[in-house]
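*Asks:* Return atomic coordinates for the entry below.
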Amino acid sequence: FTGHIKVFNSAVATFVAPSDPSGIGSMRREHIHAVPSWRRGLARYDCVFVSTDDTQEGMLGMEV
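*Replies:* Just a heads-up that it's a prediction; the model follows:
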């Protein structure tokens, strides 16, 4: 890989979660954090899965 990579300490993901009917139309919103100090406290490093190959099935097409 020779391109540029952008790193963000925080992001918001909005998605449909059919197995979780609590949201409107099963919609969910989650905040993803990777920060050395969360609200002047301990570090918080959430795990993120990125789809890198849509031709693979399930987790085979993802990276952590």
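
*Asks:* Report how many residues lie close to Trp38.
*Replies:* 13 (other C-beta atoms under 10 Å). C-betas here are computed from N, CA, C, even on glycine.

*Asks:* just for this protein, where's the confidence low?
*Replies:* Within the chain, the segments meeting pLDDT under 70 span 1, 23-24.

*Asks:* How much space separates the closest residue to Asp53 other than its chain neighbours from Val50?
*Replies:* Ranked by C-beta to C-beta, 6 or more residues apart in numbering and with sequence neighbours excluded, the top spatial neighbour of Asp53 is Gly61, at 3.9 Å. As judged by C-beta to C-beta, to the nearest Å, Gly61 and Val50 stand 10 Å apart.

*Asks:* same question, Arg39
*Replies:* Counting by C-beta to C-beta, the gap from Arg39 to Val50 is 26 Å.

*Asks:* What of Val35?
*Replies:* 19 Å.

*Asks:* show me where the protein has strands.
*Replies:* Along the chain, counting by DSSP state E, strands occupy 10-16, 27-35, 44-45, 50-51, 62-63.

*Asks:* hmm, who's touching the third one?
*Replies:* By C-beta atoms under 8 Å, 6 or more residues apart in numbering, the surrounding residues in contact with strand 44-45 are 33-35, 38.

*Asks:* just the buried members of those residues?
*Replies:* Buried residues within the contacts of strand 44-45, counting neighbours by 16 or more other C-beta atoms under 10 Å: Ala34.
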